[in-house]
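Chemist: Provided below for reference: sequence and predicted model.
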Amino acid sequence: MYIVTLLCNPATPCLDAALLDSLRNAWGGGEAQWLAPDIAAEFALDTMPDNQWQVWEDLQALGVDLILQPAANRRKKMLLADMDSTMIEQECIDELAEEAGVGTRVKEITARAMNGELDFDGALNERVALLKGLPETVIAQVLDNRISLMPGGRQLLATMKSDGAYTALVSGGFTAFTARIAAELGFDENRANTLLVAEGKLTGEAGRPILGRQAKVEALEQITKKLSITEEEVIAVGDGANDLGMLTRAGSGVALHAKPSVAAQCQIRVNHGDLTALLYLQGYARDDFKG
């Protein structure tokens, strides 16, 4: 048994009942259940349709995300989340680079690294080197003035935690940012890289070892072992190439507004919905949301 979920951006509701019924009838699905009027709905399906991705592509043009997944064990016991462009709307290192006057160069490297075109460790070292000499106080300024939370994050954390789930923020970014974001959203733990500082200024180096793609997989392995749960009981979310390891290992790996090369390797792709999509995917209705 499978569950078909259709959802859109909650800020611009556009999920039409006629569209839902048309797809349900075409695929021979069960009765539709609205999780949020005009925003998210689901229905059960006995067999996986052959034209899933063609329909997905058609619905993308209408601003609607389509996800098919097994009905069993949808509600997860752990959230493993990337930070940059996932739990927040920006890339922290790009914002620091703007303050250092090297924004254009760093953004170019970031985009290529997140698309999988560059080695993550090398790209991180190159970008951090360009920040050498930046006052440490700029970090707080960036957090206060340049960083905004991704819509739906508070509801995602509060709802899953109220249901007993464990939440971990695992970033290829920096602890100076993950500590603040984790505390603000209520994550149980956070892991990230460290920006080295001497005499109040960034040295242009990151602490070793670099937390990259493999470190995120190791976090998945270590935390599930600690909690005595399986990787199948985890929902992971990210957008970049360094997230692919955890996205393909977790029971539900969600490519959220991801780079095309990353999304192409994931079965769950959310391009229009916000972070509340991860709740709808688990069968939560909007009336169930906390936060």
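Modeler: Perfect, thanks for sending it. Numbers count the residues shown, from 1 in each chain.

Chemist: now the biggest helix by length in the chain: average pLDDT?
Modeler: Assignment by DSSP state H gives helix 213-227 as the longest helix of the chain. Averaged over helix 213-227, pLDDT sits at 96.

Chemist: residues in contact with it: which ones?
Modeler: Applying CB atoms under 8 Å, 6 or more residues apart in numbering, the contact partners of helix 213-227 are 77-78, 80, 82, 120, 166, 168, 170, 172, 189, 191, 209, 230-231, 233-234, 236, 238, 241-246, 249-250. All C-beta atoms are positioned from the backbone trio N, CA, C, and that covers glycine.

Chemist: how about 7 Å then?
Modeler: 78, 80, 120, 166, 168, 170, 191, 230-231, 234, 242-246, 249-250 (CB atoms under 7 Å, 6 or more residues apart in numbering).

Chemist: what's the answer for stretch 106-125, then?
Modeler: 91, 93-94, 97, 126-127, 130, 172, 193, 206, 210, 212-213, 239-242, 259, 261.

Chemist: and if you look at stretch 12-24?
Modeler: 6-8, 32, 38-41, 43, 55, 63-64.

Chemist: repeat the analysis, applying 6 Å as the threshold.
Modeler: 6, 8, 32, 38-39, 41, 43, 63 (CB atoms under 6 Å, 6 or more residues apart in numbering).

Chemist: separation between the closest residue to E91 other than its chain neighbours and Q60?
Modeler: Distances taken as CB to CB, 6 or more residues apart in numbering place D84 nearest to E91, at 4.6 Å, with adjacent residues excluded. Between D84 and Q60 the distance is 24 Å, computed by CB to CB, to the nearest Å.

Chemist: settle it for me: which of these two has more neighbours?
Modeler: Just comparing D84 and Q60: by other CB atoms under 10 Å the higher neighbour count belongs to D84, 27 against 14.

Chemist: from A71, how far off is the more buried one?
Modeler: Distance from D84 to A71, by CB to CB: 33 Å.

Chemist: which stretches of the stretch 1-150 of the chain have low pLDDT?
Modeler: Counting by pLDDT under 70, not a single residue of the stretch 1-150 of the chain qualifies.

Chemist: looking at the chain, which strand is longest?
Modeler: strand 166-174 (DSSP state E).

Chemist: give the next helix or strand downstream of that strand.
Modeler: Next helix or strand after strand 166-174 toward the C-terminus (DSSP states H and E): helix 175-185.

Chemist: which strands or helices does that following helix pack on?
Modeler: Helix 175-185 is packed against strand 166-174, strand 189-193, with contacts defined by 3 or more CB pairs under 6 Å, 6 or more residues apart in numbering; DSSP states H and E.

Chemist: which parts of this structure are strands?
Modeler: Taking DSSP E as the criterion, the chain carries its strands at 2-7, 33-36, 40-45, 65-70, 78-81, 166-174, 189-193, 195-198, 201-206, 234-238, 252-256, 268-270.

Chemist: packing partners of the fifth one?
Modeler: If I follow you right, that is strand 78-81. strand 166-174, strand 234-238.

Chemist: who's in contact with the shortest one?
Modeler: Put plainly, it is strand 234-238. For strand 234-238, contacts defined as CB under 6 Å, 6+ apart pick out 76, 78-82, 86, 246-247, 250-254, 256, 278.

Chemist: ok, it: who's next to it in the sheet?
Modeler: Partners of strand 234-238 in the sheet, by DSSP bridges, are strand 78-81 (parallel), strand 252-256 (parallel).
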